[in-house]
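> please work out how this folds:
(one chain, ligands or ions: 1)
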Amino acid sequence: MSKTFDELISKVTEIPMKKVSVAVAQDSAVLEAVRAAKDRKIADAILVGDEVKIKDVAKASGINIDDFELVHVADDIEASLTAVKLVHDGSADMYMKGLIDTKNFLKSVLDKEVGLRTGKALSHVCVFDVEGIDHLLFLTDVAFIPYPTLDDKVSIINNTLEITKACGIECPKVAPLAAVEVVNPKMPATVEAAELTQMNKDGKITGCIVDGPLSLDLAIDAEAAKHKGATDRQIQGDADILLFPDIHAGNLVYKAMVHTANLKNGNILTGTKAPVILTSRSDSMEVKVNSLALGAVVAEFLK
Ligand SMILES: CCCC(=O)SCCNC(=O)CCNC(=O)[C@H](O)C(C)(C)COP(=O)(O)OP(=O)(O)OC[C@H]1O[C@@H](n2cnc3c(N)ncnc32)[C@H](O)[C@@H]1OP(=O)(O)O
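So this is what the prediction gives:
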């Protein structure tokens, strides 16, 4: 079981090297990340985009891309569809966002002919290794489904369980989050959190323990849980998966943590045929490399 990001990365060295297909690769941060990932034997890459621009960006940034396969497609949307098709057809193991906006990138993932749909709802998960927390934290969905329905939330949990399993975590604890830890009919997120908990008790969501609604402090801080006397809860500061009520809550927490706390993280889309690396433009090179490592572990697990 991986308890830290370093443990997760060390798993990658034990599996055959995976290949990532990059959509609109003319982005220095992305090129730097795939270079580092190849040098650390995490993943090889196929760079899809405007060849002249890719070479210019690489040259200007001093990044050697001579040993990467390059596929020239000048138009960004076409490049994303070409890049995702390489994964769809099995020529690459994972798909990564380059210099293309999130919406168009996600549209290529959802493309009916060449995309990576599986028939399941697709969602996003961030894996955090936070100083002071002795296990990995999985945040979902901070980037894909804007306002998940109850059914979407069931899919998000099931998608995330695939990732926790790939990381060797058996029966993780899932906290459907809200502003409070009791049901308030005026706060739909609390009502749905209780419904998810009941579905888990009824055996409709399996392979995990669901306990909600929970406030963030009760979910991740054992001291806070003790202080608030939450001794009857299944989760007392030891949640593995943080399920957010909507994209705004999740994305704000994600960015607040990434830009203030001492942590390591990697992000991928789940429910897809193959791992999809979707990081924010402001994410560091390390986050992109970590995401590739996470993607490689998941690609091996899904094989
Ligand atoms: C880690 C930090 C990174 C970030 O900060 S990212 C920034 C925040 N994220 C975003 O801005 C993306 C938010 N999401 C969106 O904009 C949209 O949901 C998204 C993904 C672009 C889809 O939008 P549209 O193309 O307008 O989708 P639509 O509702 O018209 O549906 C088109 C077809 O796609 C399908 N679809 C949409 N979301 C899906 C999902 N989650 N799982 C599976 N299928 C999905 C939808 O069912 C529809 O299919 P069909 O054509 O009817 O067969």
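
> and the pLDDT at the residue of the chain most remote from its centre?
Most distant residue from the mean C-alpha position of the chain: residue 229, 32.8 Å away (Cα atoms, centre = their mean). Note on residue 229: pLDDT of 84.

> please, which helix or strand holds it?
Under the criterion DSSP states H and E, no helix or strand holds residue 229.

> measure it to residue 181 for me?
Between residue 229 and residue 181 the computed distance is 11 Å (Cβ to Cβ, to the nearest Å). For glycine as for every other residue, the C-beta is placed from the backbone atoms N, C-alpha and C.

> ok, residues contacting stretch 64-73?
31, 34-35, 38, 44-51, 54-55, 58, 79, 82-83, 86 (Cβ atoms under 8 Å, 6 or more residues apart in numbering).

> could I have the buried ones of those residues as ChimeraX selection syntax?
Only the buried entries of the contacts of stretch 64-73 go into this ChimeraX selection, using 16 or more other Cβ atoms under 10 Å:
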select :31,34,35,38,44,45,46,47,48,49,50,51,54,58,79,82,83,86
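
> just for the protein, where's the confidence low?
Regions of the chain meeting the criterion pLDDT under 70 are absent.

> quick one: contacts for residue 272?
95, 109, 116, 117, 118, 122.

> what are the buried residues along stretch 175-190?
175, 176, 177, 178, 181, 183, 187, 189, 190.

> tell me how far the fifth one lies from the ligand.
So the one you mean is residue 181. 26 Å (Cβ to the nearest ligand atom, to the nearest Å).

> what of the first one?
Using Cβ to the nearest ligand atom, we find residue 175 at a distance of 19 Å from the ligand.

> need the contact partners of the helix or strand hosting that residue.
Here residue 175, judged by DSSP H and E, is contained in strand 173-176. Strand 173-176 has contacts (Cβ under 8 Å, 6+ apart) with 153, 157, 160, 189, 192-193, 196-197, 200, 208-214, 218-219, 234-235, 238-243, 245.

> so what strands line up beside it?
strand 209-210 (parallel), strand 241-243 (parallel) (DSSP bridges).

> just the ones you listed: most buried one?
strand 241-243 (a mean of 27; mean count of other Cβ atoms under 10 Å).

> contacting residues around that one?
Counting by Cβ under 8 Å, 6+ apart, 137-140, 153, 156-157, 160, 164, 172-177, 193, 196, 208, 212, 216, 219-220, 253 sit against strand 241-243.

> show me what secondary structure element comes after that strand.
helix 247-260.

> and whatever helix or strand comes next after that following helix, what does it pack onto?
Where DSSP H and E defines the elements, the next helix or strand beyond helix 247-260 is strand 263-270. Applying 3 or more Cβ pairs under 8 Å, 6 or more residues apart in numbering; DSSP states H and E, one finds that strand 263-270 makes contact with helix 5-12, strand 123-130, helix 150-166, helix 247-260, strand 276-277, helix 285-302.

> what's the most buried one of those?
Taking mean count of other Cβ under 10 Å, strand 276-277 is the most buried of those, at a mean of 28.
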